[in-house]
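K.L.:
need coordinates for the following:
(one chain, ligands or ions: 1)
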Amino acid sequence: MNFLNIAQSRYATKKYDPGKKIDDETIEKLKEIIRLSPSSINSQPWKFTFVSDEKVKSELAEFSYNNKHKVLDASHVVVFSVIKDVEAFENNKLTLLPEGTRAYYNRVLKPRGVEQVMTWLTSQVYLSLGFFLSATASLGLDSTPMEGIQAEAYDQVLENDNYKTLFAVAIGYRDEEDKNQPTHTPKFRLEQDQIIRSI
Ligand SMILES: Cc1cc2nc3c(=O)[nH]c(=O)nc-3n(C[C@H](O)[C@H](O)[C@H](O)COP(=O)(O)O)c2cc1C
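P.N.:
So this is what the prediction gives:
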């Protein structure tokens, strides 16, 4: 499938088939793909937690609002988190980057203040979400990005210390009856002339 076909056919899955699980080889490919996700100055301020354990999924489901049944029925839930604060970023991830990159960070980004730097770090994790959603579709999987979760409760269930949950993605295989499939419910998107300028 080419990328345009993927964009046309992937969708936010609302109902999963609980009987279909993703095989280990495909999960390993996804882990490698998400590891390769790009980020500004190669900051990589993230952690990705792949959850397949049914007990842990059940615990997370209780803190997932309307996404409860997606968390329960999907094969895996991948929790995307960001390093907990700017100090932790500077003391850990930043030290691994080349000197020129560190100098750029210290000269241009750091003076913007911790709030803006935290927003910038968080943006990098969202970028990896786009990469991940495309990857799942390219591997023939269905997925649902989910901001509708209680992030702090997720942190407690997962015993996150140095990272904060931002959102999660359910991955697996759709229930054939899922009404949100583009074949049932055509995608709503603004037209090109409303969102794209060509100069
Ligand atoms: C960051 C983000 C968070 C989302 N959170 C949820 C969610 O909590 N539950 C859900 O069912 N869909 C969620 N969605 C799915 C969007 O509603 C969906 O992508 C959008 O309506 C476009 O539809 P499509 O993905 O089916 O093309 C989220 C999407 C994104 C990108």
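K.L.:
helix, strand or coil: sort out the residue of the chain found nearest the ligand for me.
P.N.:
Closest contact between the chain and the ligand, by Cβ to the nearest ligand atom, is at residue 148 (3.0 Å). No exception for glycine: its C-beta is placed from N, CA and C like everyone else's. For residue 148, the assignment made with DSSP: H, G, I helix; E, B strand; the rest coil gives coil.
K.L.:
buried residues in the top helix by length along the chain, which are they?
P.N.:
Longest helix in the chain, counting residues (DSSP state H): helix 114-138. Within helix 114-138, the residues that count as buried by 16 or more other Cβ atoms under 10 Å are 117-118, 120-122, 124-125, 128-129, 132-138.
K.L.:
pLDDT of that helix, averaged?
P.N.:
The pLDDT scores in helix 114-138 average 98.
K.L.:
ranges for the helices of this protein?
P.N.:
3-9, 24-35, 54-61, 68-73, 86-91, 99-104, 114-138, 151-158, 192-195.
K.L.:
show me which residues of the first one are buried.
P.N.:
Within helix 3-9, no residue counts as buried by 16+ other Cβ under 10 Å.
K.L.:
who touches that helix?
P.N.:
1, 134, 137-138, 182, 187 (Cβ atoms under 8 Å, 6 or more residues apart in numbering).
K.L.:
now with 6 Å, please.
P.N.:
Residues outside helix 3-9 that contact it (Cβ atoms under 6 Å, 6 or more residues apart in numbering) are 137-138.
K.L.:
same check on the third one?
P.N.:
Residues outside helix 54-61 that contact it (Cβ under 6 Å, 6+ apart): 51, 68, 71-72, 77, 157.
K.L.:
does any part of that helix sit near the ligand?
P.N.:
No. On the criterion Cβ under 6 Å from any ligand atom, helix 54-61 is out of touch with the ligand, staying 12.9 Å away.
K.L.:
what about that helix, distance to the chain center?
P.N.:
18 Å (Cα atoms, centre = their mean, to the nearest Å).
K.L.:
what parts of the chain come near the ligand?
P.N.:
So the chain meets the ligand at 11-12, 14, 67, 144-148, 167, 187 (Cβ under 6 Å from any ligand atom).
K.L.:
who wins for most neighbours among these?
P.N.:
residue 144 (25 neighbours; other Cβ atoms under 10 Å).
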